[in-house]
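Novice: Sequence and predicted structure below; questions after.
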Amino acid sequence: MATAPLLDATCPRCGGGFECGAQAGRCDCFDIRLTEPQRQALAARYSGCLCLACLRELAAGEPARGPLPAQPD
């Protein structure tokens with residue numbers, strides 16, 4: 001059975017490029033443990049996947065940074 005390829009992505013937090021394996025069914029980010037409140041805050045702030053380095057920083061308690069989603073008029 002073929003797996004989906006890794007996707008080239010840009011982290012919305014730091015702007016760095018990375019390869020996301022979530023669509024392929026296995027990504028290093030799967031091992032990062034975030035609390036439910038952290039997950040909800042990240043989902044509200046960013047669209048798409050974050051790079052592994054940013055996820056590690058956030059899991060360790062670093063603050064979110066980067067663009068907020070566009071606010072509706």
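Specialist: Looks like it arrived, so ask away.
Novice: per-residue confidence at the closest residue to Y46 other than its chain neighbours?
Specialist: Distances taken as CB to CB, 6 or more residues apart in numbering place P12 nearest to Y46, at 4.4 Å, with adjacent residues excluded. C-betas here are computed from N, CA, C, even on glycine. With respect to pLDDT, P12 scores 91.
Novice: Any chance of the backbone angles for P12?
Specialist: phi -70, psi -10 (degrees, to the nearest 10).
Novice: E36: neighbour count?
Specialist: 7 (other CB atoms under 10 Å).
Novice: Ok, C49 next?
Specialist: 20.
Novice: Pretty sure it sits in a helix.
Specialist: No. Counting by DSSP: H, G, I helix; E, B strand; the rest coil, C49 is not found in a helix; it is coil.
Novice: residue contacts, the closest residue to it other than its chain neighbours?
Specialist: With CB to CB, 6+ apart as the criterion, C49 has its nearest non-adjacent residue at 4.7 Å, and that residue is C20. By CB atoms under 8 Å, 6 or more residues apart in numbering, the contact set of C20 is 6-9, 27, 29, 49.
Novice: Was I right to think the residue nearest to Y46 contacts L55?
Specialist: No. Applying CB atoms under 8 Å, one finds P12 not in contact with L55, separated by 11.9 Å.
Novice: Run through the helices of the protein in chain order.
Specialist: 36-45, 52-59 (DSSP state H).
Novice: Give me whichever of these is most buried.
Specialist: Of all the helices of the chain, helix 52-59 has the most neighbours on average by mean count of other CB atoms under 10 Å, namely a mean of 18.
Novice: and the angle for that helix with helix 36-45?
Specialist: Put simply, helix 52-59 runs at 130 degrees to helix 36-45, going by axes from the mean of the first three to the mean of the last three CA atoms, to 10 degrees.
Novice: Please save the CA atoms from helix 52-59 in CSV.
Specialist: Output of helix 52-59 as CSV, limited to C-alpha atoms (Å, rounded to 0.1, in the frame of the first residue of the first chain):
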residue,chain,number,x,y,z
LEU,A,52,8.7,20.6,14.9
ALA,A,53,11.0,23.2,16.5
CYS,A,54,8.1,25.6,17.1
LEU,A,55,5.9,22.8,18.5
ARG,A,56,8.7,21.8,20.9
GLU,A,57,9.1,25.4,22.1
LEU,A,58,5.3,25.7,22.6
ALA,A,59,5.1,22.4,24.5
